[in-house]
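Participant: Following is a predicted model, sequence given first.
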Amino acid sequence: MREKESQPASEEQDSGIELAINALEHAFGITDVDYAFQASKPLPNVFLEAEKGSETTTSPLLVIFWLQTT
């Protein structure tokens, strides 16, 4: 069984995450107006909670599916 320990993201990782977010926004045509319908939790928090095995109300796969269909 694989165990993983979460650590705070470095400045370089934060930059990479921001770049990925921008790429997804561009690829799916997401604008600031679309953020009115955002999930109740920030996406990184959804993934961190899932990684820890916490109960979440929004699964990461559901968020990705929602992004693809909007």
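Facilitator: Received, thanks. Numbering: from 1, shown residues only.

Participant: so where's the longest helix in the protein?
Facilitator: In the chain, taking DSSP state H as the definition, the longest helix is helix 11-28.

Participant: Now name the helix or strand holding the closest residue to residue 17 other than its chain neighbours.
Facilitator: Closest residue to residue 17 apart from its sequence neighbours, by Cβ to Cβ, 6 or more residues apart in numbering: residue 9 at 6.8 Å. Heads up, the C-betas are built off the backbone N, CA and C, glycines and all. Using DSSP states H and E, residue 9 falls within no helix or strand.

Participant: quick one, phi/psi of residue 9?
Facilitator: phi -70, psi 140 (degrees, to the nearest 10).

Participant: mind checking how far it is from residue 45?
Facilitator: Separation of residue 9 from residue 45 (Cβ to Cβ, to the nearest Å): 13 Å.

Participant: again with residue 26
Facilitator: The gap separating residue 26 from residue 45 is 23 Å, by Cβ to Cβ.

Participant: ok, now residue 51?
Facilitator: Taking Cβ to Cβ, one finds residue 51 at 11 Å from residue 45.

Participant: what's the answer for residue 30, then?
Facilitator: Applying Cβ to Cβ, the value for residue 30 to residue 45 is 19 Å.

Participant: coming back round to it: so residue 26 and residue 45 - more neighbours on which side?
Facilitator: More crowded of residue 26 and residue 45, by other Cβ atoms under 10 Å: residue 45, with 14 against 9.

Participant: Quickly find the element holding the more buried one.
Facilitator: Per DSSP H and E, residue 45 falls inside helix 43-52.

Participant: In that helix, which residues are buried?
Facilitator: By neighbour count on 16 or more other Cβ atoms under 10 Å, the buried set for helix 43-52 is 43, 46-47, 49.

Participant: okay, and the helix or strand of this structure with the least pLDDT?
Facilitator: helix 60-69 (a mean of 60; mean pLDDT, DSSP states H and E).

Participant: how about low-confidence regions in this structure?
Facilitator: Along the chain, segments meeting pLDDT under 70 span 1-6, 33-39, 53-70.
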